[in-house]
Structure formats: structure tokens, C-alpha cells
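*Asks:* mind looking at a prediction? Sequence and model below.
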Amino acid sequence: MKEVRIDKWLWATRVFKTRTIATEACKKGRVSVGGVGVKPSRPVKVGEIIDVKKPPIVYSFKVLDLAENRMGAKLVPQFLENVTAPSQYELLEMVKITGFINRQKGLGRPTKKDGRELSKFTDDMYSYSEAEFDFDDDFFDDEE
């Protein structure tokens with residue numbers, strides 16, 4: 001096997017779940033080789049470093065061997081080596097920690113967990129409004 005399309009190789013080595021997703025990632029410029037975006041039909045060569053942007057981090061993989069057919073997870077280390085920088089994994093960990101706190105407006109419907117936290121927060125905030133207030137009657141009498 002001399003050549004394999006990059007989208008097919010990314011799918012075969014389980015970087016992407018489906019070949020369609022791998023193809024779309026290439027078309028959208030999320031896959032690059034040597035800092036240059038690639039088309040899905042570009043052939044892969046042994047020894048190349050492929051960068052895959054999966055926000056919030058950029059994964060880097062070194063091609064060890066070529067594969068056209070999807071393989072089991074145990075076989076993947078024979079075909080690629082993960083050379084992603086440790087700083088990228090630290091960035092991923094930071095994003096996981098911040099999670100709900102930095103939720104951007106318009107990201108869609110809140111999860112069940114988010115809804116429960118929001119509900120608890122608003123219930124605590126308004127629990128004081130149920131208490132009876134003892135207004136000073138003299139204040140209202142002076143207005144008359």
C-alpha cells in the first residue's frame with residue numbers, strides 16, 4: 001500500500017468516528033500537514049505529522065503506517081503516534097474545570113445539571129421574599 005487518502009486514514013485510525021466527519025474536517029481546514037490545510041483526497045505518507053483541530057486543542061499525530069480499513073482500538077498504536085504537546089492537554093483540562101462557569105451566550109439549551117444548579121440558585125435567592133415584613137405603621141400614618 002503506497003498511498004491512502006488523509007480522510008480515510010484519519011477514519012481508519014479512529015481519530016474521527018465516521019469518514020464523513022473526517023472529510024468535513026479536512027474541507028473546513030481543521031486538518032493540516034506542515035501547517036498547511038489539506039483536502040480530503042490528499043495522500044498520506046509515512047513519517048508525516050498531521051495536526052487535527054478539535055476545539056479547544058490541536059492534536060498532533062505522526063504517521064507510522066498506512067491503513068485503509070477501520071481497525072480495532074488496540075491496533076491503532078501500530079499506525080499512529082500521538083505527539084500532541086503537553087500544553088494542549090493542560091488547556092483541555094482547564095476547559096473541563098471551568099465548564100459551566102464560562103458558558104457563552106447562545107450555546108443552546110442548558111443540560112439537566114445546569115438547569116438544576118440554576119433552579120437551586122434562584123430558589124435560594126428568592127427564599128427570603130417569603131418571609132413576612134413588619135412595616136413601620138407610623139410611616140404610612142404620616143402620609144395621610
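*Replies:* Arrived safely, thanks for sending. Numbers count the residues shown, from 1 in each chain.

*Asks:* what helices or strands is the one helix or strand Val95 maps to leaning on?
*Replies:* Assigned by DSSP states H and E, Val95 belongs to helix 86-98. Contact here means 3 or more Cβ pairs under 8 Å, 6 or more residues apart in numbering; DSSP states H and E; on that basis helix 86-98 packs against strand 57-63. For glycine as for every other residue, the C-beta is placed from the backbone atoms N, C-alpha and C.

*Asks:* other SSEs contacting the strand it packs on?
*Replies:* strand 49-54, strand 80-82, helix 86-98.

*Asks:* could you dump these to CSV with mean pLDDT, mean neighbour count and distance to Arg5?
*Replies:* Below are those laid out as CSV (pLDDT from 0 to 100; neighbours: other Cβ atoms under 10 Å; distance: least, Cβ to Cβ, whole Å):
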stretch, mean pLDDT, mean neighbour count, distance to Arg5
strand 49-54, 93, 17, 12
strand 80-82, 94, 15, 15
helix 86-98, 80, 11, 26
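
*Asks:* just to revisit the earlier point, next SSE after the helix holding Val95?
*Replies:* Sequence-wise, the next helix or strand downstream of helix 86-98 (DSSP H and E) is helix 112-126.

*Asks:* what is the burial count for Thr13?
*Replies:* Thr13 has 26 neighbours, counted by other Cβ atoms under 10 Å.

*Asks:* look up phi and psi at it.
*Replies:* phi -90, psi 10 (degrees, to the nearest 10).

*Asks:* which ones are touching it?
*Replies:* Thr13 sits next to Phe61, Ala67, Met71, Val76, Phe79, Leu80 when contact means Cβ atoms under 8 Å, 6 or more residues apart in numbering.

*Asks:* still on that earlier bit, hey, C-alpha coordinates of the helix holding Val95 in PDB?
*Replies:* Below are the C-alpha coordinates for helix 86-98, written out as PDB (Å, rounded to 0.1, in the frame of the first residue of the first chain):
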ATOM      1  CA  PRO A  86       1.500  18.500  26.900                       C
ATOM      2  CA  SER A  87       0.500  22.200  27.000                       C
ATOM      3  CA  GLN A  88      -2.500  21.300  24.800                       C
ATOM      4  CA  TYR A  89      -3.700  18.700  27.400                       C
ATOM      5  CA  GLU A  90      -3.300  21.300  30.100                       C
ATOM      6  CA  LEU A  91      -5.500  23.600  28.100                       C
ATOM      7  CA  LEU A  92      -8.100  20.800  27.700                       C
ATOM      8  CA  GLU A  93      -8.000  20.200  31.500                       C
ATOM      9  CA  MET A  94      -8.600  23.900  32.200                       C
ATOM     10  CA  VAL A  95     -11.600  23.900  29.900                       C
ATOM     11  CA  LYS A  96     -13.100  20.900  31.700                       C
ATOM     12  CA  ILE A  97     -12.600  22.600  35.000                       C
ATOM     13  CA  THR A  98     -14.300  25.900  34.000                       C
END
